[in-house]
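*Asks:* Could you look at this predicted model? Sequence included:
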Amino acid sequence: MAAENRRVSESTVETVHIVRPNHLNSSGRLFGGILMQWIDEVGALAAKRHCRGNVTTVSVDNLHFIRGAYPGDDIIIKGKLTHVGNTSMEVKVDTYVEETNGEQTLINRAYLTEVALGHDDRPVRVPRLITETEEERQEWDKAVQRRELRKIQKAGGF
């Protein structure tokens, strides 16, 4: 895997899903497990785009279900890198319901930690992340805080 620097924009992923009857829970809303699968896929795709290699999800943090999605809803899932370490990458994944007029309403936000893997399935160094906008720099700073919280939680047995 190359160790060159890459921009946040190079990792961006967007997928589109339609909520179908087989995606519903017993309450008639999008089953959270289905959405979690879609989020995990987007997180992994964004990380793979950044490191241009294989990755594995090691954690999902701050998974917040803000509102439900219903049959026929168009679901837009957007992922992009917010931070990189030596072998790990944090990916922010936002999920929206898109109305027919194009308006998007946030229904879920999650942060995933992905680790790059070499051909031997061992962690490998990832390219540095170039933050170009103020929003990207703010996301980086917040990611550093989340990383510190994860270290504290891990030390505490959580």
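*Replies:* Perfect, thanks for sending it. Residues are numbered from 1 along each chain as shown.
*Asks:* in stretch 139-146, what counts as buried?
*Replies:* Along stretch 139-146, the positions that meet the burial threshold by neighbour count (16 or more other C-beta atoms under 10 Å) are 139-140, 143, 146. The way it works is simple: take the backbone N, C-alpha and C, and place the C-beta from them, glycine included.
*Asks:* need these in TSV with distance to H23 and pLDDT, can you?
*Replies:* Rendered in TSV, the data for the buried residues of stretch 139-146 read as follows (distance: C-beta to C-beta, whole Å; pLDDT from 0 to 100):
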residue	distance to H23	pLDDT
E139	29	96
W140	34	97
A143	30	95
R146	29	92
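*Asks:* Distance to S11 and secondary structure added to the residues you listed, as JSON lines?
*Replies:* As requested, the buried residues of stretch 139-146 are exported to JSON lines (distance: C-beta to C-beta, whole Å; DSSP: H, G, I helix; E, B strand; the rest coil):
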{"residue": "E139", "distance to S11": "12", "secondary structure": "helix"}
{"residue": "W140", "distance to S11": "13", "secondary structure": "helix"}
{"residue": "A143", "distance to S11": "13", "secondary structure": "helix"}
{"residue": "R146", "distance to S11": "17", "secondary structure": "helix"}
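*Asks:* Closest one of these to K80?
*Replies:* When the buried residues of stretch 139-146 are compared for distance to K80 (C-beta to C-beta), E139 wins out at 8.4 Å.
*Asks:* So what's the gap between the top strand by length along the chain and the chain middle?
*Replies:* Residue-count comparison of every strand in the chain, with assignments taken from DSSP state E, identifies strand 104-117 as the longest. Computed by C-alpha atoms, centre = their mean, to the nearest Å, the chain-centroid distance of strand 104-117 equals 2 Å.
*Asks:* And for stretch 53-73?
*Replies:* Centre-to-centre, stretch 53-73 and its host chain are 7 Å apart (C-alpha atoms, centre = their mean).
*Asks:* what do you get for stretch 9-29?
*Replies:* Averaging C-alpha coordinates over stretch 9-29 and over its chain gives two centres that are 14 Å apart (C-alpha atoms, centre = their mean).
*Asks:* Only the C-alpha atoms, please, for it, written as CSV.
*Replies:* Extracted as CSV, the C-alpha positions of stretch 9-29 are listed here (Å, rounded to 0.1, in the frame of the first residue of the first chain):
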residue,chain,number,x,y,z
SER,A,9,-12.6,14.2,-0.7
GLU,A,10,-10.8,11.1,-2.1
SER,A,11,-12.4,8.9,0.5
THR,A,12,-16.0,10.2,0.1
VAL,A,13,-18.6,7.5,-0.5
GLU,A,14,-22.3,7.8,-1.0
THR,A,15,-24.8,5.0,-1.4
VAL,A,16,-28.6,5.1,-2.0
HIS,A,17,-31.1,2.6,-0.7
ILE,A,18,-34.9,2.3,-0.9
VAL,A,19,-36.6,1.0,2.2
ARG,A,20,-38.4,-2.1,1.2
PRO,A,21,-40.7,-4.5,3.1
ASN,A,22,-37.9,-6.9,3.9
HIS,A,23,-36.0,-4.0,5.6
LEU,A,24,-38.7,-3.4,8.2
ASN,A,25,-38.9,-4.2,11.8
SER,A,26,-42.2,-5.3,13.6
SER,A,27,-43.1,-1.6,14.0
GLY,A,28,-43.1,-0.9,10.3
ARG,A,29,-39.9,1.1,10.3
